[in-house]
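# This is the structure alone, sequence omitted:
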């Protein structure tokens, strides 16, 4: 495995991203947007002077109660198969697993590994 392109440890409590809500005035807002902005400010300060990463990569995240570490590791020879962001696919799968009764609550999942595969279902199921 390659060395990380970036490794950033940020001392901030990360909150679960809330679902968008509609305010009294009809405006849509995200209840965690202030926390997300604060995290972005800290990441930007830590990553200052470097060029944004624009290549296929692996993200490793360690999450503590009041800190997190983000490691970005380059991938070589990776063929992009999915059109959307991988985290959005993950959320849909975990929410469906809870609704189907596979897990009582997706909060019990404490470790996740997800990767995009260049294989279709016919190859996996045979």
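Perfect, thanks for sending it. What you are looking at is a predicted structure, and each value in this text was computed from that prediction instead of being measured.

# what's the distance between the residue nearest the centre of the chain and residue 50?
Centroid check for the chain by CA atoms, centre = their mean gives residue 87 as the closest residue, at 4.9 Å. Look at residue 87 and residue 50: by CB to CB, to the nearest Å, they are 22 Å apart. Yep, even glycine has a C-beta here, placed from its N, CA and C like the rest.

# again with residue 12
Counting by CB to CB - residue 12 and residue 50 are separated by 20 Å.

# which one of the two has more residues nearby?
residue 12 (14 against 9; other CB atoms under 10 Å).

# if I pick that one, what's in contact with it?
By CB atoms under 8 Å, 6 or more residues apart in numbering, residue 12 lies in contact with 35, 38, 39, 42, 66, 67, 68.

# So which of those are in helices?
35, 38, 39, 42 (DSSP state H).

# number of nearby residues for residue 70?
What residue 70 shows, counting by other CB under 10 Å, is a neighbour count of 19.

# Who are the contact partners of residue 19?
residue 30.

# ok so, going back, does the residue nearest to the centre of the chain fall in a helix, a strand, or a coil region?
Following DSSP: H, G, I helix; E, B strand; the rest coil, the label given to residue 87 is helix.

# my guess is residue 35 meets residue 14, correct?
Yes: using CB atoms under 8 Å, residue 35 is in contact with residue 14, at 7.3 Å.

# Tell me the spacing between residue 51 and residue 2.
Relative to residue 2, and taking CB to CB, residue 51 is found at 17 Å.

# And these two? Which one has more around it.
Between residue 51 and residue 2, counting by other CB under 10 Å, residue 2 is the more crowded of the two (10 against 7).

# Count the neighbours of residue 93 for me.
Neighbour tally, residue 93, other CB under 10 Å: 13.

# All set now, cheers.
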